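Enquirer: Quick one, structure for this:
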Amino acid sequence: MSFYILNHFVLPILTIFFLITILGYGKLLDKYTNFYSQTLIAYNIIFVQGLFILSVLSILINFLIPITDFVTIIFLLLGLFFYLYFFLKIKNKKKELKFLLIVTLLSFVFSYFAGVHDDYNYHLGTIFNFKEKNIFQIIHERNISYNSNWLFINAITSLNYFSSTLYILTSLLYSIFIFDTYRIYKQSTKKKFYYSGLVSFFILIFFIGVLNNYKEHGTDIPGAILSFYLLIILSKYKLENIQNIDKNILLISFFLICFAFVIKITNVLIILFLISIVSKYKVLNIKIEKYLLFSTLPLLWMLQNYNISGCLIWPIEFTCFINKDKAIFETYLIESFAKGDINTSINVEGFNWISIWFKNHINKIIETYLLFFLIFFLPIIYYYSRFSKFRKSIFQYYYNILTNKNYLVLFLIIILANIIWFINAPAYRFGIFYNLSLIIFLILPFWKYIFENHIDFTKKYFTTILILISIYFCHENFTKYYWYSERYSIWPPIENNLLISRD
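Expert: Sure thing, here's the model as predicted:
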């Protein structure tokens, strides 16, 4: 059996194997944090905790040796041991096995014949750098120095011989996210937690209807996924007026912010959400050791960065000890490109660039958000034109929600984040979390009113939308074989650790 045929057969097997080993580490850490049971019943909360342990341990090892396949296998076998240990203690094993089966199947569909995004080639170079070199052997290069922690974790969770494993990590995070958001939607609305239920459903539809193609994910979407978990948590605990908020809300928010930031530095603006949380707690009552634990990842990541580029955060100039001129120029290139100039030659100061941005970005923005917006805005128009009671009460209802302190603070934070994003780096892929959050919070009060007063209509409408979007998701992922076959002769398109050219 040839190498390429073997990759087809082992992908689903290795997918479930990687899933349970990462969950094994996550369950081990969750015994200490209790994030899963006390904050949000979401499997990715455990999965990401597993990635945290893998990342911290592997960074430490990478200071000595490369993250070779042998190191990966040792980590995986150890994670398998942890998972089996905790699995034997699970009372409802059937429920756990159902989750594993659904996520593995969804992940396989999503990753099989996955397209290769435009920047995959230098992502691949970064991944193999970690698999072939220790941190002191990696030399500063323009692309390599970005050092997304997501690429580093890909090095840990991939095997050179089975190059299809490079697709597994992102597809697992995405698939568990789909599973979680649907589950949170169902459970929240059943308990009449309409804010968190609606936010989860809106995000679910966007991900399966818009972000349903693996080749579009890169390092941007994984960080956005973690940010959306933070939004769901705050929607539940800040907007539902749940009393006695557990202090784990502050801790898990800190954890998600740290992790999202080391994946993509453009996620840094989610730190603004801490404003809506931290005032609830007395600093003296916080157990600092847990925060120190989660601080190890960004600190080790910055130490990695320093050894690669001479900057704690490339290409942020004031964090650089060397290569400052290169960092300044790189920052200009990013800002110029984000503001609409593909040739990266415009003046990014002031606001003269807005017309260029509008010309080059507006079509992508419309393509991304228009259908989603119409799906959830047209029923509001329908209700407004059809029911006089809705017309009379909806604006007062909307006003009452906007004057709710918790809602208003979150809404203003989202608006501020969008303004900062637009002024500094208004590329679509940098602003997915900020843009979608703004749309959601604009329509959320209307839908909360409809859900509370017309629950049967809402459930039927949401079910119909979910079915149609799921059919579209299946169509996009089952027909991508033809997209792939027109461009490549083998799958995966990797030979000798290099991306092969398109046919």
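Enquirer: and the residue of the chain positioned farthest from its centre, how far is that from residue 492?
Expert: The C-alpha centroid of the chain is most remote from residue 388, which lies 41.0 Å away (CA atoms, centre = their mean). According to CB to CB, to the nearest Å, residue 388 stands 59 Å off from residue 492. Every C-beta, even on glycine, is put in place using the N, C-alpha and C of the backbone.
Enquirer: in the stretch 251-400 of the chain, which ranges drop under the pLDDT threshold?
Expert: For the stretch 251-400 of the chain, the stretches with pLDDT under 70 are 278-286, 341-345, 389.
Enquirer: can you give me the helices in it?
Expert: 275-278, 288-309, 324-338, 354-386, 388-402 (DSSP state H, counting those that start in this stretch).
Enquirer: Tell me which other helices or strands the longest one touches.
Expert: For helix 354-386, the elements it packs on are helix 194-209, helix 388-402, helix 432-453, judged by 3 or more CB pairs under 8 Å, 6 or more residues apart in numbering; DSSP states H and E.
Enquirer: List the buried residues for whichever helix or strand comes after the second one?
Expert: The helix or strand immediately downstream of helix 388-402 is helix 405-424, counting by DSSP states H and E. Buried positions in helix 405-424, judged by neighbour count with 16 or more other CB atoms under 10 Å: 406-407, 409-411, 413-414, 417-418, 420-422, 424.
Enquirer: Of the residues you listed, which one scores lowest on pLDDT?
Expert: By pLDDT, residue 406 ranks lowest within the buried residues of helix 405-424, coming in at 85.
Enquirer: correct me, but it touches residue 239?
Expert: Yes: counting by CB atoms under 8 Å, residue 406 does reach residue 239; the two are 5.7 Å apart.
Enquirer: Using the three-state scheme, assign residue 47.
Expert: Using DSSP: H, G, I helix; E, B strand; the rest coil, the structure places residue 47 in helix.
Enquirer: which residues touch it?
Expert: For residue 47, the contacting residues are 19, 22, 23, 26, 172, 173, 176, by CB atoms under 8 Å, 6 or more residues apart in numbering.
Enquirer: Distance of the residue farthest from the centre of the chain relative to residue 428?
Expert: Counting by CB to CB, the gap from residue 388 to residue 428 is 40 Å.
Enquirer: Just give me the neighbour total for residue 452.
Expert: The tally of other residues near residue 452 (other CB atoms under 10 Å) stands at 12.
Enquirer: just residue 355 next, same as before
Expert: As a burial measure, residue 355 scores 10 neighbours (other CB under 10 Å).
Enquirer: again with the one 3 residues further on
Expert: The local packing count at residue 358 equals 12, with neighbours defined by other CB under 10 Å.
Enquirer: Just put the helices of the stretch 251-400 of the chain in JSON lines and tack on distance to residue 502.
Expert: Output for these, formatted as JSON lines (distance: least, CB to CB, whole Å):
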{"stretch": "helix 275-278", "distance to residue 502": "47"}
{"stretch": "helix 288-309", "distance to residue 502": "30"}
{"stretch": "helix 324-338", "distance to residue 502": "23"}
{"stretch": "helix 354-386", "distance to residue 502": "23"}
{"stretch": "helix 388-402", "distance to residue 502": "51"}
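Enquirer: closest to residue 160 out of these?
Expert: helix 288-309 (21.1 Å; CB to CB).
Enquirer: if we can go back for a sec, present the contacts of residue 47 as CSV; the columns should include secondary structure, neighbour count and distance to residue 182.
Expert: Output for the contacts of residue 47, formatted as CSV (DSSP: H, G, I helix; E, B strand; the rest coil; neighbours: other CB atoms under 10 Å; distance: CB to CB, whole Å):
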residue, secondary structure, neighbour count, distance to residue 182
19, helix, 25, 18
22, helix, 31, 21
23, helix, 28, 19
26, helix, 28, 20
172, helix, 26, 16
173, helix, 22, 15
176, helix, 26, 11
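Enquirer: Out of these, flag the one nearest to residue 70.
Expert: Nearest to residue 70 out of the contacts of residue 47 is residue 22 (CB to CB; 18.4 Å).
Enquirer: Quick check, pLDDT for the closest one.
Expert: Residue 22 is given a pLDDT of 97.
Enquirer: With the one 4 residues further on instead?
Expert: For residue 26, the pLDDT comes out at 96.
Enquirer: again with residue 415
Expert: Reported pLDDT for residue 415: 95.
Enquirer: Just give the closest residue to it, not the sequence neighbours.
Expert: residue 438 (6.8 Å; CB to CB, 6 or more residues apart in numbering).
Enquirer: ok, now how distant is that neighbour from residue 372?
Expert: The value you get for residue 438 to residue 372, if CB to CB is used, is 12 Å.
Enquirer: Ok, residue 275 next?
Expert: Using CB to CB, residue 275 is found at 28 Å from residue 372.
Enquirer: which of the two has more neighbours?
Expert: residue 372 (18 against 13).
Enquirer: Am I right that that one is in contact with residue 204?
Expert: No: using CB under 8 Å as the test, residue 372 is too far from residue 204 to be in contact (11.3 Å).
Enquirer: hang on, the earlier thing: how many other residues sit next to the residue nearest to residue 415?
Expert: So residue 438, with other CB under 10 Å, has 17 neighbours.
Enquirer: residues touching the spatially closest residue to residue 68 that is not a sequence neighbour, list them.
Expert: Counting by CB to CB, 6+ apart, residue 68 lies nearest to residue 131, which is 6.2 Å off, once chain neighbours are set aside. Residue 131 is in contact with 66, 67, 68, 69, 155, 158, 160, counting by CB under 8 Å, 6+ apart.
Enquirer: Give me the secondary structure label for the fifth one.
Expert: Translated: residue 155. Residue 155 ends up helix, using three-state DSSP.
Enquirer: Check it and give its pLDDT.
Expert: 93.
Enquirer: What are the buried residues along the helix or strand hosting residue 106?
Expert: Using DSSP H and E, residue 106 maps to helix 93-111. Using 16+ other CB under 10 Å as the burial criterion, the residues of helix 93-111 that qualify are 96, 99, 100, 103, 104, 106, 107, 108, 109, 110, 111.
Enquirer: Phi, psi for the nearest residue to residue 102 once chain neighbours are set aside please.
Expert: Distances taken as CB to CB, 6+ apart place residue 179 nearest to residue 102, at 6.1 Å, with adjacent residues excluded. Per-residue torsions, residue 179: phi -60, psi -50 (degrees, to the nearest 10).
Enquirer: residues in contact with residue 179?
Expert: Residue 179 makes contacts with 43, 99, 102, 103, 106, as judged by CB under 8 Å, 6+ apart.
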